[in-house]
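Undergrad: Sequence below, structure please.
(chains A and B)
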Amino acid sequence: QKEVEQDPGPLSVPEGAIVSLNCTYSNSAFQYFMWYRQYSRKGPELLMYTYSSGNKEDGRFTAQVDKSSKYISLFIRDSQPSDSATYLCAMSAGGAGSYQLTFGKGTKLSVIP
Amino acid sequence: DTEVTQTPKHLVMGMTNKKSLKCEQHMGHRAMYWYKQKAKKPPELMFVYSYEKLSINESVPSRFSPECPNSSLLNLHLHALQPEDSALYLCASSQEGAGTGHYEQYFGPGTRLTVT
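TA: Numbering: from 1, shown residues only, chains lettered A, B, ... in the order given. As a prediction, the model looks like this:
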């Protein structure tokens, strides 16, 4: 079993839809969670950073963490064509392992006008 | 400002060339990273510098040589590369995480390297 599982998609939705992106993980040492957005041929852009179970909201984006189920989600409300990108989840155990991020494989999202 | 800059944006080099990739951040971060990313794959960690000292080398071939001249700059020196080294090379930075609770990394736009 891989440490982080993420459905690679592709995921195609109409403009205005609510998008749900998910990752599961097996390593209970992971305590810090990130979502990155990566446009084609560009570097990953940090969207959300969370470290506690529950929800964190930033504009149209909500990150949700359930440590008991080892499951994280990113919700995008009112999706726009400009949201079309690959979304990567990433996790860190913190402490001595703080430099190491474990990434999911990424989900490619297309928002159709 | 959460910007990491990288130069050049694109680089084409032959297998006998020597070239360097450059990265700069002005966020006061004391940890800096080099990653390699192949198409449709997540980034793979190559090197980590912490307080300008090499902290992690993920068994990267010696044809890649990192250098951290100061806390804001990171270089990656390239020599005698192979075609399979063609990839997007990403620089990232973060606060020194231990004890601060800040482990998020900020990435630059990358250098797209083609080895011919």
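Undergrad: How many neighbouring residues does the residue lying closest to residue B:79 once chain neighbours are set aside have?
TA: Nearest residue to residue B:79, sequence neighbours excluded (C-beta to C-beta, 6 or more residues apart in numbering or on different chains): residue B:18, at 4.7 Å. Bear in mind the C-beta positions are built from the backbone N, C-alpha and C, glycine included. Using other C-beta atoms under 10 Å in any protein chain shown, residue B:18 has 12 other residues around it.
Undergrad: Can you name the residues that contact residue B:18?
TA: With contact set as C-beta atoms under 8 Å, 6 or more residues apart in numbering or on different chains, residue B:18 has these partners: B:77-79.
Undergrad: how about the strands in the chain?
TA: Since no chain was named, I'll use chain A. Assigned by DSSP state E, chain A shows strands spanning A:4-6, A:11-14, A:19-25, A:32-38, A:45-50, A:54-58, A:61-66, A:71-76, A:85-92, A:102-103, A:107-112.
Undergrad: Actually, chain B is the one I wanted.
TA: Under the criterion DSSP E, chain B carries strands at the ranges B:4-7, B:10-13, B:18-25, B:31-37, B:44-50, B:53-57, B:64-70, B:73-79, B:87-94, B:106-107, B:111-115.
Undergrad: Name every strand pairing with the shortest one and say which way it goes.
TA: Looking back up the chat, that one is strand B:106-107. If you go by DSSP bridges, strand B:106-107 pairs up with strand B:87-94 (antiparallel).
Undergrad: Roughly how far does residue B:111 sit from residue B:36?
TA: For residue B:111, the distance to residue B:36 equals 11 Å [C-beta to C-beta, to the nearest Å].
Undergrad: Neighbour count: those two, which is higher?
TA: residue B:111 (23 against 19).
Undergrad: Mind listing the residues bridging to the more buried one?
TA: Beta-bridge pairing for residue B:111 (DSSP bridges): residue B:89.
Undergrad: quick one, what contacts it?
TA: Residues in contact with residue B:111 (C-beta under 8 Å, 6+ apart) are B:6-11, B:21, B:88-89.
Undergrad: And residue B:38, by the same measure?
TA: B:44, B:87-88.
Undergrad: now those in TSV, with pLDDT and neighbour count?
TA: Below are the contacts of residue B:38 laid out as TSV (pLDDT from 0 to 100; neighbours: other C-beta atoms under 10 Å in any protein chain shown):
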residue	pLDDT	neighbour count
B:44	97	15
B:87	97	20
B:88	98	20
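Undergrad: Endpoints of stretch B:68-79, how far apart?
TA: Using C-alpha to C-alpha, to the nearest Å, one end of stretch B:68-79 lies 17 Å from the other.
Undergrad: Quick one: name the residues of chain A near chain B.
TA: Within chain A, the residues that sit near chain B (C-beta under 8 Å from any C-beta of the partner chain) are A:32, A:34, A:36, A:41-46, A:49, A:51, A:88, A:90, A:92, A:94-96, A:98-101, A:103-106.
Undergrad: give me that answer again for 7 Å
TA: A:32, A:34, A:41-44, A:46, A:49, A:51, A:88, A:92, A:94-95, A:98-101, A:103-106 (C-beta under 7 Å from any C-beta of the partner chain).
Undergrad: Out of those residues, which end up buried?
TA: Taking 16 or more other C-beta atoms under 10 Å in any protein chain shown as the criterion, what is buried in the residues of chain A next to chain B is A:32, A:34, A:42-44, A:46, A:49, A:51, A:88, A:92, A:94, A:98-99, A:101, A:103-106.
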